[in-house]
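Chemist: below are the sequence and a predicted model for it; my questions follow.
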Amino acid sequence: DTGVSQDPRHKITKRGQNVTFRCDPISEHNRLYWYRQTLGQGPEFLTYFQNEAQLEKSRLLSDRFSAERPKGSFSTLEIQRTEQGDSAMYLCASSLERGAITDTQYFGPGTRLTVL
Amino acid sequence: AQSVTQPDIHITVSEGASLELRCNYSYGATPYLFWYVQSPGQGLQLLLKYFSGDTLVQGIKGFEAEFKRSQSSFNLRKPSVHWSDAAEYFCAVVRINTGTASKLTFGTGTRLQVTL
């Protein structure tokens, strides 16, 4: 079990640039979640996938944000035209959904984004 | 909608002292409850979870938590704190899956400082 991995761990960008983050979930997990965590706050849900299907998006996910999970394995989160308010830790989590019961979400180390 | 309240933003305890971190949730039915720990700049590590059954659950690193339905609480305890326990602690709730997203809702966290 290699755990959830995220890349890069840190990203510094200038306002207006596009950035893309990658998440590799635990291999047998069919659900993948993205959360955002700002300083002094708990993580907030952004979106989640079951296999390759994106099933829910938070209102926090503006149209500048897009997430994909093309083959039901890794996922990418892209932010276009970054703003300083996008500066945050972006966390990925995965879990194994079995029937109507959802199991524990396991988190990656996160990608810290700083927008200058 | 579910919500989680962690009333203590910051707690300081001496090494070897006992610890209790408070968590109250708001939810219309029995939720799944979690405690996660986050070290600076890191992702979240699961300490313990409550899904059903025995209301006193044991976790890793000597932590335990007790689910009290009458008080809508899920407080985290440790009988003797170690300096390495200094971190941010998050309580979280997830709606039991009824076909909708099983996203986690987090509290704002409690920062634990341990003095030697």
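Modeler: That came through, no problem.

Chemist: got the residues of chain B near chain A?
Modeler: Within chain B, the residues that sit near chain A (CB under 8 Å from any CB of the partner chain) are B:4, B:32, B:34, B:36, B:41-46, B:49, B:90, B:92, B:94, B:97-109. Just so you know, the C-beta spots here come from the backbone N, C-alpha and C atoms, and that holds for glycine as well.

Chemist: give me the buried subset of these.
Modeler: Burial by neighbour count, judged by 16 or more other CB atoms under 10 Å in any protein chain shown, picks out B:4, B:32, B:34, B:36, B:43-44, B:46, B:49, B:90, B:92, B:94, B:97, B:101-107, B:109 from these.

Chemist: among those residues, which are located in strands?
Modeler: Using DSSP state E, B:4, B:32, B:34, B:36, B:44, B:46, B:49, B:90, B:92, B:94, B:104-106 are the members of these that sit in strands.

Chemist: and residue 24, how many neighbours does it have?
Modeler: Let's take chain A. 18 (other CB atoms under 10 Å in any protein chain shown).

Chemist: you answered for a different chain; I wanted chain B.
Modeler: Neighbours of residue B:24 using other CB under 10 Å come to 17.

Chemist: I'd say it and residue B:71 touch.
Modeler: Yes: applying CB atoms under 8 Å, one finds residue B:24 in contact with residue B:71, separated by 7.5 Å.

Chemist: how about the strands in chain A?
Modeler: A:5-7, A:10-13, A:19-24, A:31-37, A:44-50, A:53-57, A:65-68, A:75-79, A:88-95, A:97-98, A:101-102, A:106-107, A:111-115.
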